[in-house]
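[1] below are the sequence and a predicted model; questions follow.
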Amino acid sequence: MRGFIGVIAMLQGAVGFIADVFFDNNVGILSHWFDLSPAAHLGVFVLGAGLAVWGDVDKKRRQRRAGAGSAQP
């Protein structure tokens with residue numbers, strides 16, 4: 001779930017940053033609720049990337065633990 005929310009946050013941050021900087025337009029759901037600067041959009045992107053990586057690492061860690069536990073006699 002963290003990975004999915006992270007990807008959504010990354011998309012919101014990237015699209016918001018690109019639209020704000022290059023097209024001088026507000027795009028995304030965050031723009032409806034908050035007036036974010038381009039730096040804040042990049043922060044949302046970084047936060048989303050962190051969540052996505054954390055979710056992926058945790059999933060791989062759980063798979064390794066499950067695989068190691070079943071290999072013992």
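    Nice, I can see it. Predicted model only: the values in this text are computed from it and were never measured.

[2] now do the buried residues in the strand or helix carrying Ala49.
    Per DSSP states H and E: Ala49 is located in helix 38-70. Applying a neighbour-count criterion of 16 or more other Cβ atoms under 10 Å, one finds 40-42, 44-45, 48-49, 51-52, 55 buried in helix 38-70. The C-beta positions use only the backbone N, C-alpha and C, and glycine is treated the same way.

[3] leaving out the residues flanking it, which one is nearest to Leu47?
    Excluding the flanking residues, the one nearest Leu47 by Cβ to Cβ, 6 or more residues apart in numbering is Ala9, at 5.8 Å.

[4] in what helix or strand does that neighbour lie?
    helix 2-22.

[5] tell me the angle of that helix relative to helix 38-70?
    160 degrees (axes from the mean of the first three to the mean of the last three Cα atoms, to 10 degrees).

[6] now do helix 2-22: distance to the chain's middle.
    7 Å (Cα atoms, centre = their mean, to the nearest Å).

[7] any residues touching that helix, and which ones?
    25-31, 36-38, 41-56, 58-59 (Cβ atoms under 8 Å, 6 or more residues apart in numbering).
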